[in-house]
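> Sequence plus the predicted model coming up.
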Amino acid sequence: MKEKKTIGIDIGHSTTKAFTENQGIVLSSAVSRFLTKKAANYEVNPICINEKKYIVGETAKKYGGVINPLSSSFIASEPWLAIFACCLAVNNYNDSDVVVMGIPNGAYIRKYVSKIKYNIENAFNYKQVLCRNIHIIPQGAGAYYAHVKIHPDDANESLAFIDVGYKNINFTVFSDACYIENKAETIGLGISILTDAIKKEFYREYMCHTDHVDIWNAILKEKNEIVCGDQSYQFDIINYVEWYAEQLSYKIEHFLEITPLSKAILLGGAAEYIHKKINIRRNLNIIDQPIMANALGYVHYSNVCSE
């Protein structure tokens, strides 16, 4: 008999997180269409979706032709399904497993959830078995279940979760252990707003292409310097960070002002950096394991619901 496990999957626009059995995996959300083998010194293991082949992760970046994940139609698309399939593969999915995943709060409507399940059913050989065992919940709900697993006394409090991602910020509110749908919000003010602005201006000044990873690494060093190729260039990064932090502070402050809460909790890959840069009157806590929190919470959600 196959041993049943739960796989929590959090597909982001920059990275994807999968958690199961007390271990987490973070992989790049880069996806490329596999058209023909290229001369390369790396292994390519394409994933087949609707008879089309895709490459996922760092290998996709090496291969080239990475599909833009920032499109509003990315969720439930074939490249998105390829990332989903990759998460199943690296966690050794079998047909007795339960899969829990979240989608942005702004996209969480019954019709859209049905579309995702329909696309999964028609893209994979798992078909009804997988669709019977998959649960799709609001993305921010993962953070709630991750938080109350460690802080059970907060389960019935009024809690706000602010997830700063690559493309979006998700605002989620739970009160008395219930998801408050009319307080949920998704806005396009993720970290890519900052890195895109720097990337465009840097190219205008120096005619040198750099990627978001290099820019983010430069931001974290908190120096007015960007490395492009084998050269270092002076660039006013700090001024851009202050500009972004001001916008972010205003949005978060406004959200918290109109929402009666016991606690406000920050998460996401940039949570610790953002926490240092924003300026708001309300105290913000950082969730345990801010990068993996949603995926971890999806697993805990499954455990709670099966009790």
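Perfect, I can see it now.
> how far away is the residue nearest to N105 when sequence neighbours are not counted from F84?
Once flanking residues are discounted, N105 sits nearest to A184: 3.9 Å by Cβ to Cβ, 6 or more residues apart in numbering. For every residue, glycine as well, the C-beta is placed using N, CA and C. Going from A184 to F84 by Cβ to Cβ, to the nearest Å gives 23 Å.
> Just the pLDDT for the residue nearest to N105.
With respect to pLDDT, A184 has a value of 90.
> how far away is it from D95?
33 Å.
> Among these two, which residue is more densely surrounded?
A184 (20 against 13; other Cβ atoms under 10 Å).
> Do I have it right that V241 meets K276?
No - with contact defined as Cβ atoms under 8 Å, V241 does not reach K276; the gap is 10.3 Å.
> Settle it for me: which of those two has more neighbours?
Between V241 and K276, counting by other Cβ under 10 Å, V241 is the more crowded of the two (16 against 9).
> mind checking the SS state of the more buried one?
State at V241, reduced to three classes by DSSP: H, G, I helix; E, B strand; the rest coil: helix.
> which residues touch it?
194, 219, 222, 277 (Cβ atoms under 8 Å, 6 or more residues apart in numbering).
> my hunch is that the second one is in a helix, does that hold up?
Going back to what we said before, that points to I219. Yes - the assignment for I219 (three-state DSSP) places it in a helix.
> Please report how far it lies from K61.
20 Å.
> So the two - more neighbours on which side?
More neighbours surround I219 than the other of I219 and K61, with 22 against 16 (other Cβ under 10 Å).
> any idea how far E257 is from that one?
Taking Cβ to Cβ, one finds I219 at 28 Å from E257.
> for Q139, same thing?
23 Å.
> OK, contacts around the residue nearest to N105?
Residues near A184 by Cβ under 8 Å, 6+ apart: 105-106, 108, 138, 140, 170-173.
> List just the nearest of those residues to A270.
The shortest approach to A270 among the contacts of A184 belongs to N170, at 13.3 Å (Cβ to Cβ).
> can I assume the closest one sits in a strand?
Yes - judged by three-state DSSP, N170 forms part of a strand.
> neighbour-wise, which of Q139 and E257 wins?
The neighbour count for Q139 versus E257, taken as other Cβ under 10 Å, is higher for Q139 (29 against 11).
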